[in-house]
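Trainee: coordinates for the following, if possible.
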Amino acid sequence: MKFITEDDLRDQYRKEPFIEYEVESDSRITPGARQFLADRKIILFDAENPRKKPEAEKQKHLPSPPVPMDLCNKRLCIRIKSLGAMFLTVAEEMLSRDILLAQKVIGLKKSFSDIKNSLEDEAACDLLVCEQCSGINENNFSEDLGDCFEITEFHIQLGKGKEIISLHRLRCALREMEFDLREFFSGCDDEKEQCEEMIGKVNQIINTLSQLICYTAGGEKCQRKI
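Mentor: Here you go, the predicted structure:
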């Protein structure tokens with residue numbers, strides 16, 4: 001605790017006169033120092049007489065108003081439609097190069113559409129079937145597991161580099177869904193379980209894409225960094 005004395009204030013005033021003085025929260029002012037300020041009609045701001053913040057400054061510290069529910073709903077619907085279109089774009093790009101991979105992407109697109117149906121009907125999401133590998137299993141299939149490995153400029157040089165990048169782009173876009181879902185369900189404690197269920201479904205799709213990326217990159221063995 002620092003004590004501000006009359007001598008401290010006198011020296012400071014001698015160097016540069018002032019008309020107000022504010023005591024820091026970790027400091028205390030002595031009676032003599034307080035009298036020094038009173039004699040010179042210097043305004044004292046301390047714990048008993050705090051400085052009032054301007055109205056504009058108060059507004060800065062106010063919490064942001066919640067986003068209206070209808071706006072959250074509109075944003076989420078647009079996000080789902082946009083991602084649905086991306087699924088179709090990725091599948092179309094693959095049709096002439098790898099029809100089996102394109103069919104798997106279409107299958108994931110149908111699973112993703114189930115999220116929109118669940119929002120409209122307030123029904124439970126149908127879970128995907130987990131095709132286990134050494135890094136992904138039934139216990140962690142619904143969790144955010146990150147990428148199995150980093151996608152770099154090296155992968156665009158592979159024979160199926162275009163497919164790898166397309167799947168990775170779709171996977172990155174899907175990761176943003178968690179934030180949209182949490183914003184949509186924010187403040188709805190009774191629907192928290194439904195929110196987590198939908199995020200788990202998105203994670204299942206992401207993890208399935210990660211497996212497709214591994215297989216497309218030619219990985220007979222799981223490449224997940226554990």
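
Trainee: what sits against Gln35?
Mentor: Taking CB atoms under 8 Å, 6 or more residues apart in numbering, we find Gln35 in contact with Glu6. (C-beta placed from N, C-alpha, C; glycine too.)

Trainee: same question, the one 5 residues further on
Mentor: Contact analysis of Arg40 by CB under 8 Å, 6+ apart lists Tyr13.

Trainee: what pLDDT does it get?
Mentor: pLDDT, Arg40: 88.

Trainee: low-confidence ranges, this structure, go.
Mentor: For the chain, applying pLDDT under 70 flags the ranges 53-72, 122-125, 219-226.

Trainee: which residue is nearest the centroid of it?
Mentor: Phe179 (5.5 Å; CA atoms, centre = their mean).

Trainee: residues in contact with Asp147?
Mentor: Counting by CB under 8 Å, 6+ apart, Asp147 makes contact with His168, Arg171, Ser210.

Trainee: wait, the first one touches Thr152, no?
Mentor: No - in this structure, His168 sits apart from Thr152 without contact. The criterion is CB atoms under 8 Å, and the distance is 10.4 Å.

Trainee: start to end distance for stretch 19-38?
Mentor: Terminal residues of stretch 19-38 lie 11 Å apart, using CA to CA, to the nearest Å.

Trainee: how far away from the center of its chain is stretch 95-112?
Mentor: Mean C-alpha position of stretch 95-112 versus that of the full chain (CA atoms, centre = their mean, to the nearest Å) differs by 28 Å.

Trainee: can you mark which positions in it are buried?
Mentor: Asp98, Leu101, Ala102, Lys104, Val105, Ile106, Leu108, Lys109, Ser111, Phe112 (16 or more other CB atoms under 10 Å).

Trainee: returning to that earlier point: for Lys162, see how far away the residue nearest to the centre of the chain is.
Mentor: Distance, Phe179 to Lys162, by CB to CB, to the nearest Å: 28 Å.

Trainee: could you do Ala91 as well?
Mentor: Taken as CB to CB, the span from Ala91 to Lys162 is 13 Å.

Trainee: check Thr208 too.
Mentor: Taking CB to CB, one finds Thr208 at 19 Å from Lys162.

Trainee: which stretches of the protein form helices?
Mentor: Here the chain has its helices, by DSSP state H, at 6-15, 31-39, 55-61, 69-95, 99-121, 161-175, 177-185, 192-216.
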